[in-house]
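Peer 1: Okay, sequence plus prediction incoming.
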Amino acid sequence: MKIEPLSVDFTDEQKRYLEGFSTGLQISRVGKGLGGGGAAKAAAEPAGPDAPHLKAQDRTIAAGKKLVDQEKWKREEHPFDAYSRLKDQALIDARPSPADNFRWRYYGLFYVGPTQDSYMCRLRIPNGILKHWQFAGLADLIEPICGPFANVTTRANLQVREIPPKQAVTLIEGIQDLGLCSRGSGADNIRNVTGTPTAGIDPQELLDTRPYAREWHYHILNDRTLTGLPRKFNVAFDGAGKIAVLEDTNDIAFAAVDVKDGFGVEPGIWFRLGIGGITGHKDFATDTGIIVRPADATKVSDAIVRIFIDLGDRTNRLKARLKYVIDGIGMEKFLLLVEDKLGHTFTRVPTEALQPRPVFDRNAHIGVHPQKQQGLNWIGVALPLGLVTCAQMRGLSKIAADLGDGEIRLTVWQNLLIPGVPDDKVALATAAIEAIGLAIKTTEIRAGLIACTGRAGCKFGNADTKATAARIADWCDPIVTVDTPINIHLTGCHHSCAQHYISDIGMIGARVGVGDGDATVDGFHIFTGGGFGPAAEIGQEVFHDIRAEDAPVVIEKLLKAYMTNRASPDETFLSFARRHDGEALRNLADAQVSA
């Protein structure tokens with residue numbers, strides 16, 4: 001009897017399932033020696049720019065493990081192959097499926113439902129530097145089609161929010177018209193490349209980071225094999241300037257160092273290599289003892305990323321960062337793999353071969369500061385928790401063009417700099433900044449106040465971080481005089497986008513129970529004693545489950561406890577906090593009388 005083939009019309013989703021099912025069987029057969037010979041094996045071998053990722057996925061499947069959904073979505077359809085569908089969705093103002101919501105992040109678009117029925121878009125701005133006309137052009141682009149404002153982020157980047165789905169393509173194509181881009185700024189990609197915001201103008205810098213950040217930026221954009229990693233990946237370049245770039249919180253940290261003579265290597269300026277930073281998981285980048293010639297930074301970064309592509313976990317998103325690859329095989333074995341990829345060994349020197357780093361100025365991102373160029377200054381503009389309106393963007397752009405060197409420089413402290421202002425134009429620039437509702441001077445509390453988007457615009461947020469931060473400043477400023485730099489960072493969830501673990505006072509959002517039932521309200525766990533750079537350390541929890549409405553008073557009492565009990569007028573909050581355990585700090589805070 002002849003068996004006729006079954007004729008069934010499958011849906012696209014069913015077809016993708018069958019394709020994946022067939023691939024899995026083929027991998028299983030090859031793994032068991034049942035592939036049918038060399039030709040069959042060769043036919044099953046992935047090829048093309050996505051091959052390294054497909055091979056890594058294949059090894060996971062062959063080992064009997066299950067890919068997470070995001071890996072399946074990448075496998076089914078690479079996001080950069082789906083642009084036409086994004087355009088089709090924009091034409092009918094359609095909201096994305098979960099799979100497409102992930103894919104569109106490759107274009108910088110994040111659908112933030114159910115918090116908001118709109119997209120957020122994150123740009124790519126290497127070293128955080130853009131031209132005045134790009135900043136003004138962005139304001140003109142976004143004002144009629146989405147939220148009439150932008151946010152400066154903790155990666156010296158810009159976010160645009162409240163983007164209707166129908167305007168998504170108009171926005172990202174308009175961004176490209178301005179010579180900017182958003183490509184690869186989200187999902188499993190190498191994120192915005194940060195560098196010292198005063199690069200090239202800082203009187204104490206050891207190295208201008210701009211060419212190295214730029215080279216890595218374009219290397220990423222022009223090599224598709226560097227997209228679709230097991231998870232996001234961060235790289236930062238510190239030129240040893242006055243303003244910290246927090247490079248040690250990144251997966252790869254390049255820090256400019258001055259190598260002394262007499263240690264068997266050419267003296268001069270090198271990059272010290274740190275890897276595996278992810279402070280949301282309580283780890284700074286590990287100092288490897290390796291120094292890298294600045295010209296080789298991109299090659300080294302590329303090799304590290306490719307080992308991560310091969311070995312990163314594609315079954316558990318919580319364990320898919322570079323840190324966990326290193327934890328799993330050990331630092332020395334990891335570095336040997338990178339050396340093998342590079343084709344040569346690393347250069348290593350002891351710590352004593354390095355001159356001390358020039359110290360940070362924790363207020364250098366606010367106010368007027370002389371540049372290395374005689375008679376010129378950068379002006380740090382205080383933005384309220386990173387917010388700048390379209391009208392202010394145009395005003396700042398005009399100030400930069402007329403009174404500065406034409407650049408706008410973003411910092412990881414959620415504000416911006418206007419560089420190249422001559423001495424005789426500082427007063428005029430200051431007045432112009434004040435005329436658009438901004439300032440170049442602020443209190444120590446506001447200068448170091450950082451907040452992520454929080455629950456108001458992020459589905460992961462457990463609390464409204466920006467609103468709480470604003471209430472803390474409004475409450476504390478009139479009643480607590482803090483005379484030394486202090487950082488207060490509020491983050492909405494475990495992703496720690498606002499780096500709560502490394503601040504003097506860190507706050508992470510939590511749902512706090514009220515009453516006897518299941519009802520909860522916005523709240524925070526509060527940490528103290530975090531630091532970065534030479535003072536790098538993860539903060540300790542001091543208060544647990546503090547309701548958001550009570551947070552301003554708790555912070556007031558902590559600040560008063562510091563001002564009352566510090567060992568000397570020169571003792572920093574960081575030093576004070578580290579001298580006491582959590583219980584002692586709670587007792588000192590509770591002893592203060594609130595206004």
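Peer 2: Yes, it's here. The structure presented is a predicted model; accordingly, all values stated were derived computationally and were not measured.

Peer 1: What's the end-to-end length of stretch 544-554?
Peer 2: With C-alpha to C-alpha, to the nearest Å as the measure, the ends of stretch 544-554 fall 11 Å from one another.

Peer 1: same thing with stretch 507-520?
Peer 2: Across its full length, stretch 507-520 reaches 18 Å end to end, with C-alpha to C-alpha as the criterion.

Peer 1: Mind listing what's buried along it?
Peer 2: M507, I508, G509, A510, V512 (16 or more other C-beta atoms under 10 Å). (Glycine included, C-beta is placed from N, CA and C.)

Peer 1: is it fair to say the fourth one lies in a helix?
Peer 2: This points to A510. No. Using DSSP: H, G, I helix; E, B strand; the rest coil, the assignment for A510 is strand, not a helix.

Peer 1: for Y218, helix, strand, or coil?
Peer 2: Counting by three-state DSSP, the backbone at Y218 sits in helix.

Peer 1: Quick check: it vs T298, distance?
Peer 2: The gap separating Y218 from T298 is 9 Å, by C-beta to C-beta, to the nearest Å.

Peer 1: So for those two, which residue has more residues nearby?
Peer 2: Under the neighbour definition other C-beta atoms under 10 Å, Y218 and T298 were set side by side, and T298 has more, 17 against 13.

Peer 1: residue contacts, T170?
Peer 2: Neighbour list for T170: A90, I145 [criterion: C-beta atoms under 8 Å, 6 or more residues apart in numbering].

Peer 1: got a pLDDT number for it?
Peer 2: At T170, the pLDDT value in this model is 98.

Peer 1: What would the helix or strand where it lies look like as CSV? C-alpha coordinates only.
Peer 2: Secondary structure here is read from DSSP states H and E; on that basis T170 sits in helix 168-177. Below are the C-alpha coordinates for helix 168-177, written out as CSV (Å, rounded to 0.1, in the frame of the first residue of the first chain):
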residue,chain,number,x,y,z
ALA,A,168,9.5,53.7,16.2
VAL,A,169,11.0,53.5,12.7
THR,A,170,10.7,57.2,12.2
LEU,A,171,12.8,57.7,15.3
ILE,A,172,15.6,55.2,14.7
GLU,A,173,16.0,56.3,11.1
GLY,A,174,15.9,59.9,12.1
ILE,A,175,18.7,59.2,14.7
GLN,A,176,20.8,57.8,11.8
ASP,A,177,20.1,60.9,9.8
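
Peer 1: And that helix, what's buried?
Peer 2: Here helix 168-177 shows A168, V169, T170, L171, I172, G174, I175 as buried, counting by 16+ other C-beta under 10 Å.

Peer 1: quick one: K232 and N189 touch, right?
Peer 2: Yes. Look at K232 against N189 with C-beta atoms under 8 Å: they come within range, at 6.6 Å.

Peer 1: Quick check: phi and psi on P356?
Peer 2: Torsion angles at P356 (phi, psi; degrees, to the nearest 10) stand at phi -60, psi 140.

Peer 1: do D202 as well
Peer 2: Listed backbone geometry of D202 is phi -90, psi 120, with angles given as degrees, to the nearest 10.

Peer 1: And for F576?
Peer 2: The phi and psi torsions at F576 (degrees, to the nearest 10) take the values phi -60, psi -50.

Peer 1: Can you check the pLDDT for it?
Peer 2: Model confidence at F576, expressed as pLDDT, equals 96.

Peer 1: just checking, it touches A567?
Peer 2: Yes. Because the distance of 7.4 Å satisfies C-beta under 8 Å, F576 is recorded as touching A567.

Peer 1: Need the nearest residue in space to the spatially most central residue of the chain, chain neighbours excluded.
Peer 2: Nearest to the mean C-alpha position of the chain, counting by C-alpha atoms, centre = their mean, stands R155 at 4.5 Å. Closest residue in space to R155, ignoring its immediate chain neighbours: N192 at 4.8 Å, by C-beta to C-beta, 6 or more residues apart in numbering.

Peer 1: which residues does that neighbour contact?
Peer 2: If a contact means C-beta under 8 Å, 6+ apart, then N192 has R122, L123, R124, I125, P126, G128, R155, A156, N157, S185 as its contacts.

Peer 1: want to throw those into JSON lines with distance to T279?
Peer 2: Supplementary listing: the contacts of N192 in JSON lines, determined by distance: C-beta to C-beta, whole Å:
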{"residue": "R122", "distance to T279": "20"}
{"residue": "L123", "distance to T279": "23"}
{"residue": "R124", "distance to T279": "22"}
{"residue": "I125", "distance to T279": "22"}
{"residue": "P126", "distance to T279": "22"}
{"residue": "G128", "distance to T279": "19"}
{"residue": "R155", "distance to T279": "13"}
{"residue": "A156", "distance to T279": "17"}
{"residue": "N157", "distance to T279": "18"}
{"residue": "S185", "distance to T279": "20"}
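
Peer 1: Tell me the one of those residues nearest L342?
Peer 2: Using C-beta to C-beta, P126 is the member of those that sits closest to L342, with 23.2 Å.

Peer 1: Neighbours of the closest one, how many?
Peer 2: Taking other C-beta under 10 Å as the definition, P126 ends up with a neighbour count of 25.

Peer 1: Not counting its neighbours along the chain, what's nearest it?
Peer 2: Setting aside the residues directly before and after it, P126 is nearest to H217 in space (C-beta to C-beta, 6+ apart), at 3.7 Å.
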